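1. coordinates for the following, if possible.
(4 chains)
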Protein chains: 4
Amino acid sequence: MDSMMMGAMSKNMESMPDMGMMDMSVMQACMDACAACEQACTVCSTQMMDCSPACMNCADMCNTMMRSMMRMQGMTPASMMAMLNACIAMCQVCMDECMRHADDSDVCRMCAQACQACMDACMAMKDMMMASA
Amino acid sequence: MDSMMMGAMSKNMESMPDMGMMDMSVMQACMDACAACEQACTVCSTQMMDCSPACMNCADMCNTMMRSMMRMQGMTPASMMAMLNACIAMCQVCMDECMRHADDSDVCRMCAQACQACMDACMAMKDMMMASA
Amino acid sequence: MDSMMMGAMSKNMESMPDMGMMDMSVMQACMDACAACEQACTVCSTQMMDCSPACMNCADMCNTMMRSMMRMQGMTPASMMAMLNACIAMCQVCMDECMRHADDSDVCRMCAQACQACMDACMAMKDMMMASA
Amino acid sequence: MDSMMMGAMSKNMESMPDMGMMDMSVMQACMDACAACEQACTVCSTQMMDCSPACMNCADMCNTMMRSMMRMQGMTPASMMAMLNACIAMCQVCMDECMRHADDSDVCRMCAQACQACMDACMAMKDMMMASA
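-> Residues are numbered from 1 along each chain as shown, chains lettered A, B, ... in the order given. From the prediction side, this is the model:
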């Protein structure tokens, strides 16, 4: 995400006391990983391989996850945790599917890597939220 | 959802043994509740009241939830459960926000009702999946 | 769309003089056709046939078209016309692709019908807007 | 967009003769501008100012535009042109709204800039497609 826009978002979040002390660099990394995963999954889904439905599901969830982080005024710690768990679960399914064709398709291999990175970033968000709770 | 298309979907799902015996009428009710909730939240979000960010978040999640049920080939029981939990959490936040203005805004009252109905339908999906597991 | 919510939307639109006199029943029919087309295309896209990328594109555009009609405060007559033209173009591509497999796949046949219905509803919106301009 | 994934996409597009000779750097710039505009509009929409509905509309359209470029197998030159025109129209509305508050809100000013950049990138796509037709 653009760094100036990120600065503006950070300032808004100071007025959301329920959210605890968010480390904005962790959140920015998570939004970026979601955006990259949505893009990788969207390209991968056009290959018409077994993984396509999982890729489409994962693309939609990553976009919804990213947008939710951009609209924290409409989130609670509990809903954030549930969303992160769901995003991790969808990335896991997509990664598992794409790994089965990773030797045959460069796109599947890159998609699996994007899913792994997105899972890692979502887990870092969960760790940060639990530490600040 | 259109009943003929639903019939075609049901037939596809017979080839997904991991998903257990799905009661398709419960799933159809859940998809319809998600679609109705997305629409109510989208209209409600344009009112520029405190609830708007929660409404936008809920609209996106309900759409993603609905689409995931239409692409069950890319789901597992575990990812389905995580998604249902996240959708319930987002509907809860939106309903709580909209209930605070339910006396002042008909749209907020209708939106809160659509969120409640969507939560109920997602819980019925969870119950059905646990019973068939 | 739910008729009570539609009533609330109609009342909001009375305060948008630029939009001319909208026939709300034409707009409601168009939103419903977009919602139905998104659903048909989403199911059809999971078949892993040649039409899948066109179906995914059409599903996303129909959802965006529907939401834009629910957020008319953020539209102008010119942007509405451009969106309707784009939605018609996407439905046309998807319908053409799906018609090629309509004999082999019930889902493709139903998807093509949903695309045709959505195109017709978008054209009716255009006619209504031009008549009221 | 990730450059390795972009390389894989380019290779896929060599098998789409109808699309003419696409300059992939122009398309990559357009996808990136759409992604940035979706993010700026999503953040801007949470400010609950007059521009919010236009921002939400623009965010959805930019996402749909970006995804359509990632799924060119489901596009034709005609549908691409119609989509680019619609995306330009939505960015124009959003930019006009946000410019009215650009002095009061840094986020609106940045959002207007992202809309302008997205319009420019879509126009470059149109120019490129017309030159190669």
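
2. please make it C-alpha for all contacts and neighbour counts, starting now.
-> Will do.

3. what is the neighbour count of the residue in chain A that chain C sits nearest to?
-> Chain C sits closest to A:Met48 of chain A, with a gap of 5.1 Å, by CA to the nearest CA. Neighbouring residues of A:Met48 were enumerated by other CA atoms under 10 Å in any protein chain shown; the total is 18.

4. mind listing what it touches?
-> A:Met48 makes contacts with C:Met48, C:Met49, C:Ser52, as judged by CA atoms under 8 Å, 6 or more residues apart in numbering or on different chains.

5. ok, A:Met119 next?
-> Counted by CA under 8 Å, 6+ apart, A:Met119 has contacts A:Cys87, A:Ile88, A:Cys91, A:Gln92.

6. show me the contacts for A:Cys34.
-> So A:Cys34 contacts A:Cys62, A:Asn63, A:Met65, A:Met66, A:Cys118 (CA under 8 Å, 6+ apart).

7. if you set the cut-off to 10 Å instead, what comes out?
-> If a contact means CA atoms under 10 Å, 6 or more residues apart in numbering or on different chains, then A:Cys34 has A:28, A:40, A:58-59, A:61-67, A:87, A:91, A:114-115, A:117-119, A:121-122 as its contacts.

8. could you do A:Cys91 as well?
-> So A:Cys91 contacts A:34, A:37, A:41, A:54-55, A:57-59, A:61-62, A:85, A:97, A:111-112, A:114-120, B:79 (CA under 10 Å, 6+ apart).

9. and it, what's its pLDDT?
-> Looking at A:Cys91, its pLDDT is 98.

10. the host helix or strand of it vs helix B:77-99, what angle?
-> Here A:Cys91 sits within helix A:77-99, counting by DSSP states H and E. Helix A:77-99 and helix B:77-99 are oriented at 150 degrees to each other (axes from the mean of the first three to the mean of the last three CA atoms, to 10 degrees).

11. following helix A:77-99, which helix or strand shows up next?
-> helix A:106-132.

12. separation between A:Met95 and A:Ala35?
-> Separation of A:Met95 from A:Ala35 (CA to CA, to the nearest Å): 16 Å.

13. which parts of chain A sit against chain D?
-> A:1-2, A:4-9, A:12, A:31, A:35-36, A:38-47, A:63, A:66-74, A:105-108, A:110-111 (CA under 10 Å from any CA of the partner chain).

14. which of these are buried? Put it as a ChimeraX command.
-> Applying 16 or more other CA atoms under 10 Å in any protein chain shown to the residues of chain A next to chain D leaves a buried subset, and the ChimeraX line that selects it is:
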select /A:5,6,8,9,31,35,36,38,39,40,41,42,43,44,45,46,47,63,66,67,68,69,70,71,72,73,74,105,107,108,110,111
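
15. and chain B, which of the residues of chain A next to chain D contact it?
-> A:Asn63, A:Arg67, A:Ser68, A:Met69, A:Met70, A:Arg71, A:Met72, A:Gln73, A:Gly74.

16. helix or strand right after the helix or strand of chain A with the lowest mean pLDDT?
-> Lowest on mean pLDDT, DSSP states H and E among the helices and strands of chain A sits helix A:3-13, with a mean of 80. Downstream of helix A:3-13, the first helix or strand assigned by DSSP H and E is helix A:24-45.

17. average pLDDT for whichever helix or strand comes after that next one?
-> Past helix A:24-45, further along toward the C-terminus, the next helix or strand under DSSP H and E is helix A:52-70. For helix A:52-70, mean pLDDT is 98.
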